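Student: Below are the sequence and a predicted model; questions follow.
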Amino acid sequence: MKFKKSLTQENFITIGKRFASEDIAREVQELLAKWEKDLAALEEYGYGSEMMQEFKTLRDSHAILMEKRSKGVSDKKLTVKAKNNIINEAWIWVDKIESILGILTRKDPSLSTRVSDALPHNDSDLQASIMAMCTIIQENIAAFPAGVKVEKRISEAPVLNEKLESIYKDTSRSKTNTMADTAEIDHLDGQLYIKIGDIYEAGRKAIRAGAIDRLVSDYRFQYLNVPKRRNAPLSDNPENPASPDEPSSPVTPTV
């Protein structure tokens, strides 16, 4: 008989990280189908209707979080697309300004050096570069030929910088939110894994007692704890799950 120790939130998160949420959800449905059929017997081992309802509530929270995470991935794709559009817009502005300033740099070596120093080398340089190039244009505005839309380019600079500022803030916020969401679903994955393991253990006891007419293997993990080594036995200890990337430790089979 295994002693069931208490587990902290960090313990649940660590356990949950080892399994895909989709596999946890499949295991939940597999267990519930058996639990509902064998409810009368499992109730004798502490897993009656009230415990089942608590389990279903946890399952529902898990499903909502999985859907939220899936939507977050879609939202992130939209954010990346918007980000790329803004960055592309900024580079087009830089190309226009570089060309406009080229009218003057051919005649002024010192100005040529200033423009060269102001040009961006990568996306992260765009904000500083736009403001530097805008300053150069403003200082030389009287030297441009008539018809060059200098004022329009100048008016576009602060708008572009505001857009760039917003997407870099959104990127940072997205990373923070992703870490928080991952920890939350890992926690639920770990909780469900432990609960499933406990109920499976109770089911095996009921089978050995003759209260449930099933094979003992029916009350073992079906989607989780699949070792890489074909002959490695599955661990029945939910607190020490076999990692999908590591072979299980040998255990004494219980029948």
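Tutor: Nice, I can see it. Residues are numbered from 1 along each chain as shown.

Student: Can you pull the phi/psi pair for Ala40?
Tutor: phi -60, psi -40 (degrees, to the nearest 10).

Student: repeat for Phe19
Tutor: Dihedral angles (degrees, to the nearest 10) for Phe19: phi -130, psi 150.

Student: now it: how far from Ala25?
Tutor: 10 Å (CB to CB, to the nearest Å). Backbone N, C-alpha and C define where each C-beta goes, glycine included.

Student: So for the two, which residue has more residues nearby?
Tutor: Phe19 (22 against 17; other CB atoms under 10 Å).

Student: my guess is that one contacts Tyr193, does it?
Tutor: Yes. Phe19 is in contact with Tyr193 according to CB atoms under 8 Å; the separation is 6.3 Å.

Student: Just give the number of residues close to Glu54.
Tutor: By other CB under 10 Å, neighbour count at Glu54 equals 11.

Student: let me redo that: Val28
Tutor: By other CB under 10 Å, 21 other residues sit near Val28.

Student: what about it, is that helix, strand or coil?
Tutor: Applying DSSP: H, G, I helix; E, B strand; the rest coil to Val28 yields a three-state assignment of helix.

Student: Numbering from 487 from now on, please.
Tutor: Sure thing, new numbering starts at 487, so read that last one as Val514.

Student: Pull out the buried positions in stretch 528-539.
Tutor: Leu528, Glu529, Tyr531, Tyr533, Met537, Met538 (16 or more other CB atoms under 10 Å).

Student: Touching, Trp521 and Tyr533? I think so.
Tutor: Yes. Using CB under 8 Å, Trp521 is in contact with Tyr533, at 7.0 Å.

Student: Give me the common contacts of the two.
Tutor: Taking CB atoms under 8 Å, 6 or more residues apart in numbering as the criterion, Trp521 and Tyr533 both touch Ile685.

Student: so where does Gly696 fall, helix or strand?
Tutor: Assigned by DSSP states H and E, Gly696 belongs to no helix or strand.

Student: per-residue pLDDT, it?
Tutor: For Gly696, the pLDDT comes out at 96.

Student: dump the residue contacts of it.
Tutor: Contact analysis of Gly696 by CB under 8 Å, 6+ apart lists nothing.

Student: Phi first, then psi, for it.
Tutor: Main-chain torsions, Gly696, degrees, to the nearest 10: phi 90, psi 10.

Student: Distance of it relative to Asp704?
Tutor: According to CB to CB, Gly696 and Asp704 sit 15 Å apart.

Student: Excluding covalently adjacent residues, which one is nearest to Lys681?
Tutor: If the residues on either side of it in the chain are set aside, Lys681 comes closest to Phe541, at 6.1 Å by CB to CB, 6 or more residues apart in numbering.

Student: Give the ranges of residues in this protein that sit below the confidence cut-off.
Tutor: The chain contains residues with pLDDT under 70 at 487-489, 556-566, 655-667, 711-741.
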